[in-house]
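*Asks:* Next come a sequence and a model predicted from it.
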Number of protein chains: 8
Amino acid sequence: MNHEDLQRLLDDVKHGALETQHAAERILEALRAAPFEDLGFARVDTHREVRQGFPEVILGLGKTPAQIAAIAERIISRGQTLLVTRASREAFDALHTIAPQATFHDAARVITLSQAQAPQGRGTVLVACAGTSDLPVAEEAAITAEVMGNTVDRLYDVGVAGIHRLLHERARLESARVVIVVAGMEGALPSVVAGLIQTPVIAVPTSIGYGASFGGIAALLGMLNSCANGVAVVNIDNGFGAACMASAINHL
Amino acid sequence: MNHEDLQRLLDDVKHGALETQHAAERILEALRAAPFEDLGFARVDTHREVRQGFPEVILGLGKTPAQIAAIAERIISRGQTLLVTRASREAFDALHTIAPQATFHDAARVITLSQAQAPQGRGTVLVACAGTSDLPVAEEAAITAEVMGNTVDRLYDVGVAGIHRLLHERARLESARVVIVVAGMEGALPSVVAGLIQTPVIAVPTSIGYGASFGGIAALLGMLNSCANGVAVVNIDNGFGAACMASAINHL
Amino acid sequence: MNHEDLQRLLDDVKHGALETQHAAERILEALRAAPFEDLGFARVDTHREVRQGFPEVILGLGKTPAQIAAIAERIISRGQTLLVTRASREAFDALHTIAPQATFHDAARVITLSQAQAPQGRGTVLVACAGTSDLPVAEEAAITAEVMGNTVDRLYDVGVAGIHRLLHERARLESARVVIVVAGMEGALPSVVAGLIQTPVIAVPTSIGYGASFGGIAALLGMLNSCANGVAVVNIDNGFGAACMASAINHL
Amino acid sequence: MNHEDLQRLLDDVKHGALETQHAAERILEALRAAPFEDLGFARVDTHREVRQGFPEVILGLGKTPAQIAAIAERIISRGQTLLVTRASREAFDALHTIAPQATFHDAARVITLSQAQAPQGRGTVLVACAGTSDLPVAEEAAITAEVMGNTVDRLYDVGVAGIHRLLHERARLESARVVIVVAGMEGALPSVVAGLIQTPVIAVPTSIGYGASFGGIAALLGMLNSCANGVAVVNIDNGFGAACMASAINHL
Amino acid sequence: MNHEDLQRLLDDVKHGALETQHAAERILEALRAAPFEDLGFARVDTHREVRQGFPEVILGLGKTPAQIAAIAERIISRGQTLLVTRASREAFDALHTIAPQATFHDAARVITLSQAQAPQGRGTVLVACAGTSDLPVAEEAAITAEVMGNTVDRLYDVGVAGIHRLLHERARLESARVVIVVAGMEGALPSVVAGLIQTPVIAVPTSIGYGASFGGIAALLGMLNSCANGVAVVNIDNGFGAACMASAINHL
Amino acid sequence: MNHEDLQRLLDDVKHGALETQHAAERILEALRAAPFEDLGFARVDTHREVRQGFPEVILGLGKTPAQIAAIAERIISRGQTLLVTRASREAFDALHTIAPQATFHDAARVITLSQAQAPQGRGTVLVACAGTSDLPVAEEAAITAEVMGNTVDRLYDVGVAGIHRLLHERARLESARVVIVVAGMEGALPSVVAGLIQTPVIAVPTSIGYGASFGGIAALLGMLNSCANGVAVVNIDNGFGAACMASAINHL
Amino acid sequence: MNHEDLQRLLDDVKHGALETQHAAERILEALRAAPFEDLGFARVDTHREVRQGFPEVILGLGKTPAQIAAIAERIISRGQTLLVTRASREAFDALHTIAPQATFHDAARVITLSQAQAPQGRGTVLVACAGTSDLPVAEEAAITAEVMGNTVDRLYDVGVAGIHRLLHERARLESARVVIVVAGMEGALPSVVAGLIQTPVIAVPTSIGYGASFGGIAALLGMLNSCANGVAVVNIDNGFGAACMASAINHL
Amino acid sequence: MNHEDLQRLLDDVKHGALETQHAAERILEALRAAPFEDLGFARVDTHREVRQGFPEVILGLGKTPAQIAAIAERIISRGQTLLVTRASREAFDALHTIAPQATFHDAARVITLSQAQAPQGRGTVLVACAGTSDLPVAEEAAITAEVMGNTVDRLYDVGVAGIHRLLHERARLESARVVIVVAGMEGALPSVVAGLIQTPVIAVPTSIGYGASFGGIAALLGMLNSCANGVAVVNIDNGFGAACMASAINHL
């Protein structure tokens, strides 16, 4: 019930077309009517696109394939774009029967189905990663950014141990509007990148490493303590979250 | 040996029906006699119902199916209500042969067999959870609360990222006598819920999440540091413990 | 604007006493009108008593004496009861000039000023603590509970190393409606207490200890892992939070 | 030596105005010439403004007042804008003798001296904080953002325990181009804010809290695990870093 | 009320010298009568000597000088031996006025006053420490052991970096009945000592060290993971606890 | 080369039966001759029985079945008693072919083969455990203690949540010479036991629990911070280490 | 483009053989030309041998067999020596088809293929380890050191619990030019070794242990806190890193 | 007693100049005679120079000024070079009265007194640090290295956020024989340095930083996880330890 609806309703009251008691009930009901759909085990946030610019995304982690398929079905049926992250092949199989056009991005563990043209971001989102082992997280970021309407430039395996590989690509770094930097182990890459450019840098620590990397803690702490300016950090392995932030920035 | 037993025994002594030496022995023995049954590997606490209002519950974790079945057999044979948490299907199979009426609640990993009518709690226990992935813990809480004699209201998938889904249900929150809030990731839901209502809130962090959720530590810390009043916390994934606390409150 | 206000307003619309445009504006404005007072550096939550049964409480930690006095002044001027926790003597001095009737509870680091009779809880809140060093936290809990309208029974220095001191007081434990257990070091007291009684137990770990007590982490973990039922935990040294929870339960 | 310099030099070589040996030396020297000034204990990064849009900022932490004054003197003498964070009053006193126009922002522990008009950001940077105790960090962010050329909107004390205080300000949140959210304790505010708006949110955990807040770890983990999209995090208490990121975004 | 008391009382009942009702009351009362003295803020465990072989010891940490003096006064007045650990000089001053014969052991931060001859242990307790900085903890252990009736042999500054200093004293190590090993930093000394001898070794990690010693965690973990047999560990800096354990063993 | 050997050799030198050069060589060689056997991947410590009272024990963890069998073969061939802890069934199978008389203790994951009568300890080692799930660790302790020559009394499932089960067995606790207490979760049992008796208590935390038990850390910290005297702690799940310590004490 | 190339190019410019514009382009291009090969998912650092003395090494962790084979193929085709660490048998199988001469070192999880004679180190690298379970890490170090041109001396199973096994080998320790010490559990061996010799010691903590070894943290902390001089530490289980450091030292 | 002494003694025995019994005693005594001096609270390791190339160094941490002066007096009186680290001014004052020639290096908190010419290392030890705040640790390393006989090159304030400052000094980095890299915050500098050169790099994390730097843990983890080869790490703030390692390498 927006302002116009309310004006119209009150006009009806004034003109006697509607009893005040009924009008009161309808206003209160409208205030109660929430923009979601209740599946019992899930409440699909159907108005998220209005509120946040992109429909609800399904985090596959901890959901059964049947649950994923059921939620996805509701999203698809509204003509919205589907994005499932941390998706297993089993989830894709369950989903495929109801949405044969959906795509499974193997390396990124992501399922997509674009139904509407997302509004395009204004520049390029560059996704850099330190090593080949960081690829799954980098790809999750890249594909998420693409499906959200961003042009993506991938710059992989430019870790600081051979820093000439990075310095060589300074022009590409500078031409991006937002940079996502994905790195495991000591997580030093975002500091070096942010020291070279003026663009905002979103740092994604990965769980790549062993021993005292503690599943990504070393990289996470390194990035949080970055001595370079213009760096903000998302959760370990959270390529999706980095892409959301990058896309929000790129659509400003 | 209660006060009446003791009076009777002392009367016997007075009347010469019992030697003082034997009386002394019997009193001392009674003081030693403990209300439990020794199975060798387990001491079933047979008087717990007297002391705490509900019979001993079996935590399935770390026990073999055979051990679970043996302990369960002792509880059932006394006509008490059976509750096994963290139960595997193997444990249920072992138990089923001796107790075919027992039920396995799959999502909650719980086995129940109600033999006696539990005293009813005075109001409703509402179980809220933040996301679909928190369901197993929420269900463990809900079923435990039910078997302990409480009416349960389930309110699932009302996480803070789409806070209108929660605000929409304010009336249900307010009508409960105790609220259990189950959440993983950042665990912010109990703070928001407790800020809306006057009812005691029991917060259950779950291990749902990845990276810096550290198996539920992020949610646990978030809940312990809640800036809202009237929140107390149980162990990570401890739906059972939350239900015990809620039931104790609801039976006051 | 409650239901009656709305009905009256709509009647006015119907009878032409109010233009629909003005009515629409007033309804929308009422929906926007938030129950707080803005001091610039703080927004005093003036409706909290309505929503939660007790006025906003001031956490002294990290606020300057001047800020505390300013917020307190707003609460007092509305005739509400004042409670400041983690208060320094400096804060009390600043506050004393504007509220000479306020009391400083030294051991508990708490300032109180009762202006209205709080609704009385139905039973007794028992506050137990393990050792003499836990007294400041226990007193914060006891005084908070008292000011919130609860009868408090103090049971101090009953740690598990001399368990007869606790067993001796079983009757007092059983006669309480809620029990708060305050303990540092290994934090074992709540488990033992909860094993003896049916009453809900709120456990408060304290930072008392040294070495591997890690400022209360050992006690906190001990309490979260309690093998006894009916225990929930609040933050380390959070006597205030335990009392809030206990009071909420005791007022059911 | 940019492209034009190089072209001119080579023209000189072609026309015989410069010997090839000298030309080679000059090119190599130019490649070696680094844009910094060596004070012995510090290398002032004089080209940072060219590279990153804002001159080098002095982190006061761990530097003596004399060191701070010496570095500041070099920045001021080049006509650049001065910004010192984590500055003590002693540092300000040492600096004041050489730069009497400098300002000390007490609450924010920041020294500023604007000498050049920073390029203006395109929209407003909103700085929200959860409680009064978070003010020093929020002010560090606000003043940093202002000195970097951003219009700042301050929205303080809107913590989630009284969520109506936040919902009341939705319009201000929506009108910002970037939002910085500062919160201690459980750090839930960024999740709730980001769920309401489409704007990028930069979350700053603070060390405010006690016990299991662990000096800001609870808030940090809460923010890293945010279930809302469009959130990135900076280090605990790092108001400065959040403002750098926000300014970089606001200048896109 | 021991066995003889009970027999006598029952004889009285038999001979009519005592009514059964009164007898029942007296037996129940005796069972309730707990062996402690209630000071309000403390319950002095007056029967601990009977139960554990040494009177209650006062841990000075977190107690005010006045509290320490009050508890000490009760212990002294019963003619028991006084031991206060973690005592400040202020505590000693408060205590000195009521017990001028008490001694303050400065290095060990311990107050003692022997009033009764403790039963002598059967052999020698050797206290070894790795470095000069570990002395306060080693002395706390040594003095505690002495006051509990043990002959103590001190072997200081025998750290593993110059292992010949230790190997040189093998005979002294072998002649002890129990060995306490105090070490900070990497805490390797207990492993080496326990590899040389057959005697039980009690390891005490100290908080000596810096950086990644984390206040004694490194030493604690080292000792818990000792690859040598016959090692058990007490809390960081807990010289007192090590001496209690050693004395219990030495009195077997 | 002991003192007698050396005296004899020097007598030979004196009487000219041995050249001084050869004598010097033999003395130096003897000093070099180390009491171990080199298998390439392992150095079997053949003199450990002389030095520590029990032959080298094989920790199965991280060794291949073939390696275990090879080391075991060397121990058996010297007629020493074999003890393998953390043994898999595969290791037992490999070992069984060369030592058919060896026994596999399934619950304890231990292999034993007694070849020599161990010297008997002087009293009883009591092994108590808190719950049925702690049995594997308790059994590792019990069997180790038995094979090392100790009489063992098992007291299982006496956790603090039903403390009467423990108080009931006070006499058995008091009659032991050393008590091993095995507990997971909050690890409170050793404090309660040590508060009841004078005997040394060796506490073994187990990894039993979930959530904030962190694989035994909660129990470990609880035990290290025990407020009772006469408690020392071994590594998490280290039943073997507890038995070594207990046996060393029991053989004094 | 080295100094000679540049001189020649400039001479061409001077003599008119080259236009200044073309010369400028070639110089700039040369500056841009980076010494690596781009495989899309990986940038093979082809100049690392020039810069660091050994070709790029492939860390198998987190790479698919196909990726490993593809990178290896590029290294082999340039005639460089191949080293793959943390290699699975699957990776070896994938690699074997394109490089049948490659060797799989099973215990060390390492693949090698020497194509060029590495420059020989000046002395011996001794690799010591504490227990048989540390062998995989010790072997990774030993084989890496060998393939990098070092003579390696292996000294295994010399843990501190039987210190005579180590003291026996003092001569071998002293004759090495660098010593790598590999140890899990309490990680005490490097301290003892470094106390005996003057040679630099590189300490490698392993994840061997259980309970409070926390996957190698105990050993890591022990080594970082070593009270002996001349010890530096690498990551947990990082035998490869230790060998790189040792080889760099041995080639000085 | 070296080989010659032993030969002479045995010759005396052969010629009857010495009784075998006396000879045996003297040999055994010599074996027992340990190269240290016992001050009661400290055992000065007088032979450390022979064994490790530099006399015992005094760690000032946790020692009283009087203890430091007493140990220093023994070292000076033997004509050895004195080095005290972590020294307070009070310690220097105490020491100054007995050794007026000693020097206090304020920034490095180090006391030195060179009495003997240390053998010179073969090359240069370069000490690099990331920021001005890391200077105390860098200076501790530099002065320690100098007093141990090494030429030191200081390269300060070359952090990765302005990487051109570091690349500018590549020649100095390459000309060193060993490089010590000191850095706090994210600790990324050692990775970048080690990627540029072939020289062994010793990384020293510092406690500089705030929030999630956790007193140097972030830097420590970053360095342990370095993706570059030829890096080994010492304890947080351990400039002394890094210099010991560097000096050992530089003297090879």
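*Replies:* That came through fine.

*Asks:* OK, contacts around A:Thr83?
*Replies:* Actually, residue A:83 is Leu. It isn't Thr. A:Leu83 makes contact with A:Pro55, A:Val57, A:Ile58, A:Val110, A:Ile111, A:Thr112, A:Thr144, A:Val147 under the criterion CB atoms under 8 Å, 6 or more residues apart in numbering or on different chains. For the C-beta atoms, the positions are set from N, CA and C on the backbone; glycine is no exception.

*Asks:* Which of those sits closest to A:Glu19?
*Replies:* Among those, A:Pro55 lies closest to A:Glu19 (CB to CB), at 38.5 Å.

*Asks:* need the strands for chain A, in chain order.
*Replies:* Counting by DSSP state E, chain A has strands at residues A:37-38, A:43-44, A:58-59, A:82-85, A:103-105, A:110-113, A:124-129, A:151-155, A:178-183, A:201-205, A:231-233.

*Asks:* Show me where chain A dips below the pLDDT cut-off.
*Replies:* Residues of chain A meeting the criterion pLDDT under 70: A:1-6, A:25-41, A:43-53.

*Asks:* from it, which residue is nearest to chain D?
*Replies:* For chain A and chain D, the shortest gap (CB to the nearest CB) falls at A:Ala232, measuring 3.5 Å.

*Asks:* my read: that residue touches A:Val204, true?
*Replies:* No: A:Ala232 lies out of contact with A:Val204 (CB atoms under 8 Å); the separation is 10.6 Å.

*Asks:* Among these two, which residue is more densely surrounded?
*Replies:* Ranked by neighbour count (other CB atoms under 10 Å in any protein chain shown), A:Ala232 and A:Val204 place A:Val204 first, with 37 against 32.

*Asks:* what's near enough to touch A:Glu146?
*Replies:* A:Val152.

*Asks:* ok, A:Val192 - contacts?
*Replies:* Applying CB under 8 Å, 6+ apart, one finds that A:Val192 lies in contact with A:Val160, A:Ile163, A:Leu166, A:Ala228, H:Val160, H:Ile163, H:Ala188, H:Val192.

*Asks:* brain fart, A:Gly62
*Replies:* B:Gly131, B:Thr132, B:Ser133, B:Asp134, B:Ile208.

*Asks:* same question, A:Ala116
*Replies:* Contact partners of A:Ala116, counting by CB under 8 Å, 6+ apart, are A:Gly79, A:Gln80, A:Thr81.

*Asks:* thinking the first one is in contact with A:Gln115, fair?
*Replies:* What it means is A:Gly79. Yes: at 5.3 Å, A:Gly79 counts as touching A:Gln115 under the criterion of CB under 8 Å.

*Asks:* Which one of the two is surrounded by more residues?
*Replies:* Applying other CB under 10 Å to A:Gly79 and A:Gln115 shows that A:Gln115 carries more neighbours, namely 14 against 9.

*Asks:* mind checking how far the more buried one is from A:Ala142?
*Replies:* Look at A:Gln115 and A:Ala142: by CB to CB, to the nearest Å, they are 20 Å apart.

*Asks:* Same check on A:Ala66?
*Replies:* 29 Å.
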